[in-house]
Every structure is written in structure tokens, then in C-alpha cells.
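Participant: Structure for the following, please:
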Amino acid sequence: MLICRFSHTVILCYPFFLCFLTLSERATGEKDVRLKILYCGVCHSDLHSVKNDSGKVTYPVLPGHEISGVVTEVGSMVRKVKIGDKVGVGCMAGSCRSCDSCSNHLENYCSNMILTYRSTYFDGTPTYGGYSDIMVCDEHFVVRWPDDMPLDAGCPLLCAGITTYSPLKYYGLDKPGTHLGVVGLGGLGHVAVKFAKAFGAKVTVISTAPNKKDEAIKNLGVDSFLVSHDQDQMMAATGTMDGILDTVSAHHSIQPLLNLLKPNGKLIVLGVIPKPLEVPVFPLLSGRKTVAGSGIGGMKETQEMMDFAAKHNITADVEVIPMGYINQAMERLEKADVKYRFVIDIAATLKDESDDQ
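Facilitator: Model prediction:
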């Protein structure tokens with residue numbers, strides 16, 4: 001199982017063998033932006049791709065969809081950004097731009113949406129992600145970088161940020177005084193807490209790990225903390241929450257979470273869970289409760305999220321690593337041994353380390 005990257009590039013074989021490779025990137029088209037990548041976050045979905053958990057990955061694949069950088073070239077019809085601008089690229093590289101979803105700024109739900117990596121572009125070339133030094137992207141799928149947003153701690157927001165911001169907005173959980181539960185305190189969960197607090201919500205973290213309580217309360221400012229396997233704590237919180245964002249990607253029962261919701265409460269599933277969930281019907285009927293999902297957001301909302309985050313000083317908590325540490329980072333990520341997102345310092349470490357190979 002092989003992973004690659006271009007220019008001064010990376011190949012990963014599971015279990016986690018790293019070397020460097022040079023790949024070619026498509027030419028800059030008239031509506032394209034070429035950027036020098038400075039930082040790239042390491043998302044849990046990158047690990048899924050490395051391991052081919054879906055069984056559908058075609059190698060070589062170059063991961064990375066939390067990308068920040070600076071524009072080095074623009075096509076003749078580009079109006080959104082100019083050379084020298086700081087920009088970001090998230091999970092999408094293209095869509096049909098004509099369907100109902102695209103017309104309503106929901107490119108993420110377009111049936112022809114093109115992923116930043118692991119997809120094929122319209123011209124037949126493969127899409128490559130951000131574990132690299134350069135990228136070419138349609139200007140529509142480039143985010144203008146807010147002036148006050150750090151390039152390292154800001155790039156995970158292009159995935160983790162929009163994944164949590166979008167359902168808070170869509171499902172009406174962004175109102176002051178809303179009681180929100182956040183299941184899991186990891187890459188998604190800690191960002192969900194920050195957005196919810198900025199919206200004025202009361203936030204309860206629900207976790208299997210009691211040792212995360214001090215971190216959640218003292219550092220992230222949550223209002224309360226529930227240990228999900230503590231029956232007394234869960235019982236005491238029955239019927240208290242307006243909504244819950246479930247960020248956990250491992251298989252788990254949602255029955256205890258539904259019990260925490262008030263009537264008309266909403267459980268929003270955000271984690272990519274490998275096995276089908278069992279959905280108990282009675283709690284839905286008796287409390288008119290909703291189980292729903294949400295996946296990233298459209299480009300208009302992604303820009304809105306980045307601007308909101310900059311205004312409210314929201315960033316991810318990151319551990320910045322050199323490119324050569326990516327194998328160890330993947331191993332640690334699999335063990336949930338990171339607070340809370342790895343970010344690769346591409347500009348400072350990629351070229352030097354590839355030259356040493």
C-alpha cells in the first residue's frame with residue numbers, strides 16, 4: 001500500500017515506511033491558482049487512506065486536505081486572489097458547478113464533487129493533496145486567508161473547523177444559551193467546543209476518558225464533563241441537551257446519547273464510523289428526536305467559518321512536525337496520541353529532508 005507526493009515528495013507504505021518521490025502536477029489553467037504549500041494538517045481520514053480502510057483506495061495516493069500556503073501563479077481569468085496572497089485549500093478541488101447543490105453553495109453535496117486527493121480531475125489527471133510543496137487548484141475552491149489567522153494552527157479548520165461549524169449553523173445549535181453535547185475530545189471535538197463557546201452555548205463534553213476532564217474544563221472552558229460509561233453521570237444528565245455533535249469515528253451505541261437529548265433534540269453524527277449504527281426507534285418517537293449527519297460545508301460557508309474563527313481567535317490546538325516525522329505521527333494518530341492535530345511544516349522541512357534521502 002503506497003502513498004506518494006510530488007516535487008520533493010513523500011511515499012508512505014503501511015505500516016508507515018517513508019521515502020520521497022517526485023510527481024508532476026497539472027499545468028495552471030486560466031481559472032487555476034498555483035500555490036506554494038507552507039503547512040498541511042494531518043487528518044484522521046489521511047490515516048484511513050494510508051491503510052485503505054475503505055478498500056477502495058488506488059495507490060499511489062498523496063494525502064492532505066488541510067492546506068495553507070501562498071499564491072505563486074494565477075491563471076488569466078482568476079479574480080479571487082493574486083500572487084503573494086495567503087490562501088487555504090480544504091477537502092474539495094472541484095464540483096460540477098451546475099446542479100442544485102452547487103447552485104445553493106453546497107458543493108460538498110454535489111454528486112460529482114472532486115476530492116482534494118484520491119480523485120480524478122476533469123482533465124483526467126489525479127488530484128494530489130498537501131503533503132507536498134506545490135498545488136494547483138481552481139480558484140473557486142481556494143479560501144482567502146484571514147489576516148489574523150496563523151497559517152499553522154489555522155489550516156486544520158479547513159476540515160475539522162467546517163465539519164463542526166456547518167452543523168452548528170444548519171441545525172440551529174448556534175444560538176446563545178443552547179446546551180450542546182460534544183462526544184469525543186479529539187481533532188474534531190476540541191474545535192467543536194471552541195465554536196460552540198463562541199456562539200454562546202453551554203457545552204458538555206461526553207468522553208470515555210476521565211483523564212480529559214481537566215483539559216476540557218480548564219483549557220477549553222467547557223461547562224461540564226460526562227464520562228460516558230459512568231451510569232450515574234449519564235442518568236443525571238438525561239433530557240438536558242438541545243443537541244449533540246458526535247465526533248467519534250469508532251463504532252459505539254447511540255442509545256445513551258439519545259437519552260441525553262431534550263424533546264426535539266438533535267444528534268448529529270460527524271465521525272466516519274466503519275460499521276452501521278443501530279438506531280433505536282422508541283426514543284425518536286417519544287421525544288421527536290432527530291439523528292442526522294453532516295459532511296464539511298460549501299465554499300461560501302467555509303470562507304464564512306474562517307472569517308468567524310479569525311474574529312473570535314479560534315484555531316486548532318496543534319503539534320507542528322517536520323515532514324520526516326510523518327510515519328511516527330501516523331502511528332501516534334492511530335493511538336489518539338496527539339493534542340489535537342498534527343500539522344506538517346512543509347516549507348521548512350520538506351526540501352531538506354528529501355535531499356537527504
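Participant: Which strand residues bridge Val61?
Facilitator: On the basis of DSSP bridges, Val61 is bridged to Ile3.
Participant: my read: it touches Arg118, true?
Facilitator: Yes - proximity of Val61 to Arg118 meets the contact threshold set by C-beta atoms under 8 Å, at 5.4 Å. Any C-beta I mention is one placed from the backbone N, CA and C, and that applies to glycine too.
Participant: what residues do the two have in common as contacts?
Facilitator: Listed as contacting both Val61 and Arg118 by C-beta atoms under 8 Å, 6 or more residues apart in numbering are Ser49.
Participant: Mind jotting down where the helices sit in the stretch 51-200 of the chain?
Facilitator: With DSSP state H, counting those that start in this stretch as the criterion, the stretch 51-200 of the chain has helices at 100-103, 151-154, 160-170, 187-198.
Participant: can I assume Ala316 is in contact with Leu151?
Facilitator: No - using C-beta under 8 Å as the test, Ala316 is too far from Leu151 to be in contact (12.0 Å).
Participant: So which of those two has more stuff around it?
Facilitator: The neighbour count for Ala316 versus Leu151, taken as other C-beta atoms under 10 Å, is higher for Ala316 (26 against 19).
Participant: Apart from its neighbours in sequence, what residue is nearest that one?
Facilitator: Nearest residue to Ala316, sequence neighbours excluded (C-beta to C-beta, 6 or more residues apart in numbering): Pro156, at 3.8 Å.
Participant: Run a quick neighbour tally on the one you found.
Facilitator: 28.
Participant: dump the residue contacts of it.
Facilitator: Each residue near Pro156 by C-beta under 8 Å, 6+ apart is listed here: Gly41, Cys43, Glu66, Gly187, Val191, Ala316, Val318, Arg341, Val343.
Participant: can you check Gly84 too?
Facilitator: Listed by C-beta under 8 Å, 6+ apart, the contact set of Gly84 reads Val70, Val71.
Participant: per-residue confidence for it?
Facilitator: Looking at Gly84, its pLDDT is 98.
Participant: Just put the contacts of Pro156 in JSON lines and tack on distance to Gln255 and pLDDT.
Facilitator: JSON lines is the format used below for the contacts of Pro156 (distance: C-beta to C-beta, whole Å; pLDDT from 0 to 100):
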{"residue": "Gly41", "distance to Gln255": "33", "pLDDT": "97"}
{"residue": "Cys43", "distance to Gln255": "29", "pLDDT": "93"}
{"residue": "Glu66", "distance to Gln255": "33", "pLDDT": "98"}
{"residue": "Gly187", "distance to Gln255": "25", "pLDDT": "94"}
{"residue": "Val191", "distance to Gln255": "26", "pLDDT": "98"}
{"residue": "Ala316", "distance to Gln255": "31", "pLDDT": "98"}
{"residue": "Val318", "distance to Gln255": "34", "pLDDT": "98"}
{"residue": "Arg341", "distance to Gln255": "30", "pLDDT": "96"}
{"residue": "Val343", "distance to Gln255": "36", "pLDDT": "98"}
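Participant: Farthest pair within those residues?
Facilitator: By the measure C-beta to C-beta, Val191 and Val343 form the most distant pair in those, at 13.3 Å.
Participant: more crowded one of the two?
Facilitator: Neighbours of Val191 and Val343, each counted by other C-beta under 10 Å, are more numerous for Val191; the result is 29 against 24.
Participant: List the residues that contact that one.
Facilitator: Pro156, Leu157, Ala160, Gly161, Thr164, Ile314, Ala316, Tyr340.
Participant: can I get these in TSV with distance to Val50?
Facilitator: Putting the contacts of Val191 into TSV (distance: C-beta to C-beta, whole Å) gives the following:
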residue	distance to Val50
Pro156	18
Leu157	22
Ala160	18
Gly161	23
Thr164	24
Ile314	29
Ala316	21
Tyr340	19
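Participant: So which of the residues you listed is the closest to Ile254?
Facilitator: Distances from Ile254 to those, taken as C-beta to C-beta, are shortest for Thr164 (18.0 Å).
Participant: Low-confidence regions, the stretch 51-200 of the chain specifically.
Facilitator: Counting by pLDDT under 70, not a single residue of the stretch 51-200 of the chain qualifies.
Participant: Can you show me the strands along it?
Facilitator: Taking DSSP state E, counting those that start in this stretch, the strands of the stretch 51-200 of the chain run over residues 67-74, 86-89, 92-94, 114-115, 134-138, 143-144, 179-183.
Participant: any residues in contact with both of Val191 and Val343?
Facilitator: The contact sets of Val191 and Val343 overlap at Pro156, Ala316 (C-beta under 8 Å, 6+ apart).
Participant: Can you list phi and psi of Lys36 for me?
Facilitator: For Lys36, the backbone dihedrals (degrees, to the nearest 10) come out as phi -90, psi 120.
Participant: burial of it, as a residue count?
Facilitator: Lys36 is flanked by 15 other residues according to other C-beta under 10 Å.
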